[in-house]
Each structure stands twice: as structure tokens, then as C-alpha cells.
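K.L.:
structure here, sequence nowhere to be found:
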């Protein structure tokens, strides 16, 4: 009888919504502090051992193409006089481009390790650890003890569960989208770096790839920072009363806080890019 009453009042759905939200937060934090190799070693092996060499070969071949394109542009410009110093700079640019392509894979792996270290440092400085109850929602005691809502509580419980499922899934989706970006960005770096051999105008592609790659790496740290900023806000009780209105507001309050954290996590990457001028 008690279970039926809790179902009618929406208590079960309300508690289930909190559990779903807590599970999504735990999953997101667990993936944010892992490198791609730790997330899926088999996938990362396929990307770096099978796909990356293919793009590396194409990128190495394109270095010569971009080099001659840049050289032709400099020679065909009648306003610019080609001197010995200019030719030396062009050859130096070619050597730097080839050296960067050869050392790109260690650089990518080092950036993953650095991003992971930064994320863990932020977690330690903010005083929480993955696998803990950080960012969790606790079911409102006022609502769970209330039995006056009856069938209206069922509707409220359904809406709350949908809100928890939607907000939690959006956070996880942002985390997994970052992983997909990494999988695409890592092997294609050689193609972008090859444009350095073409000079200043063509090398904008390499600059754009590097900025986007660094943004994706550091995006995990900003997501963790967004969660850490929102957690103290979520801990503030806005409606501690026991009346019917306060009981209803105690349900709306965690839903509002879930939307707040979800929006902060999803928008953290865009905010980071705006801060650094990456559009």
C-alpha cells in the first residue's frame, strides 16, 4: 500500500529522477578525467596505429605541394624581391614543417597527459573526487514526507524525472561529443600542419587546427570547473518551508539547479573559446 501511495504522490519518480541525475554526473566526471586511451584502448589503438599513419603519409606528401604553392606565390609577386635571406627563410619553414609533422604524435599524447593532469588538479583544488557524491541531488524531505499532492504529485514526478533525464543526458552528451572531436582531431593534424610549408596565408589552417585541438583538450577542465562552480549554488536551500507552496517549490528548485548546471557545462566550451578569441 505504501508503494502505491508513493507512486501516486510521485515520490518514486522524484527519487528515481534524483538517482538518474546523480548517475549521469558520476559518469561525466569519470570520463572527463580520462585520456582517450583510458576510455577505450582498442578504439585509440585503431585511430593512432591504423588511421593516423594514413593521414601522416598524406600530410607528408602535401608538404611538398604546399611548399611549391607558397614558393610560387612569393616568386610571382612582382612587388616582392626574392633575396637570399627570403630563400633561406622558405627552406627553414619547410624544415620546421617536416619536423613538426614527425613529432606530432608525441605532442598529441603529451597534450592529453597535460589536459588530464590539469583536470585532476582542478578536482583536487576544489575539494572533491570522482566517484564521490559531488554534484548529486538529494530528494527533498518536505516533498517525500508530503502526502497532500495525490495525483498531482504523479504529474509533477513525471515532469521532474523527464527534466532530470534530459539535463543529465545533455551533460553526458557534451562529454562524449568532446571525445568524438578528439578522435577526429588527432589523426587529421598532419594534414593541417602540412600547410605551414606554404607560408603565412596557407598556414592559417595549421593555426586553426592547433587552436581547436587545444580547446578540445582544455574543454574537460572547463567542464569540471563549471560543475565545481554550480555545486555550491545547488547546495543552497531556497525554499526550506513545509507548506504546500514550499513543497511545490522544493520540487522546482532542484529542477532549476539541474538546468543551471547543464547549461553551464554545455556552454563552458563556447565561453573558453570566446575568452581566447577562438571563434
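P.N.:
Nice, thanks for sending it over. A quick note: this is a predicted structure, and the numbers were derived from the prediction, not measured.
K.L.:
only C-alpha atoms from now on, for both contacts and neighbour counts.
P.N.:
Fine.
K.L.:
so what does the helix or strand in which residue 180 is found touch, helix or strand wise?
P.N.:
Here residue 180, judged by DSSP states H and E, is contained in helix 151-193. With contacts defined as 3 or more CA pairs under 8 Å, 6 or more residues apart in numbering; DSSP states H and E, the packing partners of helix 151-193 are helix 2-9, helix 11-32, helix 52-76, helix 84-102, helix 104-125, helix 204-234, helix 244-275.
K.L.:
among those helices, which is the most enclosed?
P.N.:
Of these, the one with the most neighbours on average (mean count of other CA atoms under 10 Å) is helix 11-32, at a mean of 21.
K.L.:
buried set for stretch 28-48?
P.N.:
For stretch 28-48, the neighbour count (16 or more other CA atoms under 10 Å) marks 28, 29, 31, 32, 33, 34, 35, 36, 44, 47, 48 as buried.
K.L.:
closest one to residue 256 out of those residues, please.
P.N.:
residue 28 (19.4 Å; CA to CA).
K.L.:
tell me the pLDDT of the nearest residue to the closest one once chain neighbours are set aside.
P.N.:
Among residues not flanking residue 28 along the chain, residue 172 sits closest, at 5.5 Å (CA to CA, 6 or more residues apart in numbering). On pLDDT, residue 172 comes in at 91.
K.L.:
want to throw the helices and strands packed on helix 151-193 into JSON lines with distance to residue 198?
P.N.:
Formatted as JSON lines, the helices and strands packed on helix 151-193 follow (distance: least, CA to CA, whole Å):
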{"stretch": "helix 2-9", "distance to residue 198": "67"}
{"stretch": "helix 11-32", "distance to residue 198": "37"}
{"stretch": "helix 52-76", "distance to residue 198": "4"}
{"stretch": "helix 84-102", "distance to residue 198": "8"}
{"stretch": "helix 104-125", "distance to residue 198": "18"}
{"stretch": "helix 204-234", "distance to residue 198": "10"}
{"stretch": "helix 244-275", "distance to residue 198": "27"}
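K.L.:
against residue 19, how distant is the closest residue to residue 191 other than its chain neighbours?
P.N.:
Take residue 191 and drop its neighbours on the chain: the residue closest to it by CA to CA, 6+ apart is residue 59, 4.5 Å away. Separation of residue 59 from residue 19 (CA to CA, to the nearest Å): 48 Å.
K.L.:
ok, now which ones touch residue 47?
P.N.:
Contacts for residue 47 (CA atoms under 8 Å, 6 or more residues apart in numbering) come out as 183, 187.
K.L.:
if we go to 10 Å?
P.N.:
41, 53, 183, 184, 186, 187 (CA atoms under 10 Å, 6 or more residues apart in numbering).
K.L.:
I'm done for today, thanks for sticking with me.
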